[in-house]
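Undergrad: turn this into a structure:
(chains A, B, C and D)
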Protein chains: 2
Amino acid sequence: MPKQLPLAAIDACCSPLAQEPLTEGQARELSRLFKAMADPVRLRLLSLIASHAGGEACVCDLTGTFDLTAPTISHHLKVLRDAGLITGERRGTWVYYRIHPEILARLSAVLVPGAQPVPA
Amino acid sequence: MPKQLPLAAIDACCSPLAQEPLTEGQARELSRLFKAMADPVRLRLLSLIASHAGGEACVCDLTGTFDLTAPTISHHLKVLRDAGLITGERRGTWVYYRIHPEILARLSAVLVPGAQPVPA
DNA sequence: TCCGTGAATAGAAGACCATCTAACCAACGA
DNA sequence: TCGTTGGTTAGATGGTCTTCTATTCACGGA
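TA: Take a look at the predicted model:
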């Protein structure tokens, strides 16, 4: 069973960085998300998926973009999945990934008081 | 001489993640910022500084909050400094740090198309 | 039912990171 | 000028992360 998404924790720590000091627990949960995004390959995967037609991309669309082996891509997708940033779904032969936009919006809100999450 | 802030690169990659795929270079620069924030101690330092009265905090205010040695705190502050997230200034005996809010606003804008950087 | 292809898992190797102790530099006061 | 206090630098160590190869699982077609 993969680690579950820290949604609740993020809810609890949505006061912007500058408003009051983060607690130890809030910082730990937030850092898990930032750690998941702290890799160029994963950032590109994220933007490839997010910008793909229909809001989802097949793994087969992603592997060709990088000079990396398929297991490595698979590993990075798992890191993003475990962080709750994306979800994967198998449809027949292929597996499709899509973004969890709420989490990005919440991360964004933590950074800047004025940031407005996009309406659904 | 410390590494300089990747401001220009961030300017160049401010199209939100979901709009179009990040280039390799954009992803590399962005990941440097996320990597700097991908640590619970550094996130707490960031929020301690940002939320401190006057928008700045003395190192002596920060060290007491953690169960870490002064050199370790100093190391984390250097990472944040090298990433361009904070700046330090010595005034007499003490060194004061403050946030670079524009970079947080830009990071925020990368995550969510609708995010509005705070007015200056 | 068996083979071929898309994708994930297992395990290992090398690079990178967080933390420590020891040593050093900067400012102030006696 | 010297000792004290605040903060950084240097170097070492243990842990984590990225990537690989080899293997395994899942599905579909012949």
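
Undergrad: now do the helix or strand where A:L46 lies: which elements does it pack against?
TA: Element membership for A:L46, per DSSP states H and E: helix A:40-51. Helices and strands touching helix A:40-51, by 3 or more Cβ pairs under 8 Å, 6 or more residues apart in numbering or on different chains; DSSP states H and E, are helix A:24-37, strand A:56-58, helix A:59-63, helix A:70-82, strand A:94-99, helix B:24-37. In this view, the C-beta of every residue, glycine as well, is placed from N, C-alpha and C.

Undergrad: redo these as a markdown table? Include mean pLDDT.
TA: A markdown table is the format used below for the helices and strands packed on helix A:40-51 (pLDDT from 0 to 100):
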| stretch | mean pLDDT |
| --- | --- |
| helix A:24-37 | 96 |
| strand A:56-58 | 96 |
| helix A:59-63 | 95 |
| helix A:70-82 | 98 |
| strand A:94-99 | 97 |
| helix B:24-37 | 96 |
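
Undergrad: in TSV, list these along with distance to DNA strand C and mean neighbour count.
TA: As requested, the helices and strands packed on helix A:40-51 are exported to TSV (distance: least, Cβ to the nearest atom of the strand, whole Å; neighbours: other Cβ atoms under 10 Å in any protein chain shown):
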stretch	distance to DNA strand C	mean neighbour count
helix A:24-37	9	20
strand A:56-58	5	18
helix A:59-63	3	16
helix A:70-82	3	16
strand A:94-99	4	18
helix B:24-37	6	20
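
Undergrad: B:D61: which of the ones you listed is closest?
TA: Closest to B:D61 of the helices and strands packed on helix A:40-51, according to Cβ to Cβ: helix A:24-37, at 16.9 Å.

Undergrad: packing partners of the closest one?
TA: helix A:7-12, helix A:40-51, helix A:70-82, helix A:101-111, helix B:24-37, helix B:40-51.

Undergrad: A:E20 contacts B:L48, doesn't it?
TA: No - applying Cβ atoms under 8 Å as the test, A:E20 and B:L48 come out as separate, 9.5 Å apart.

Undergrad: the more surrounded of the two?
TA: B:L48 (19 against 12; other Cβ atoms under 10 Å in any protein chain shown).
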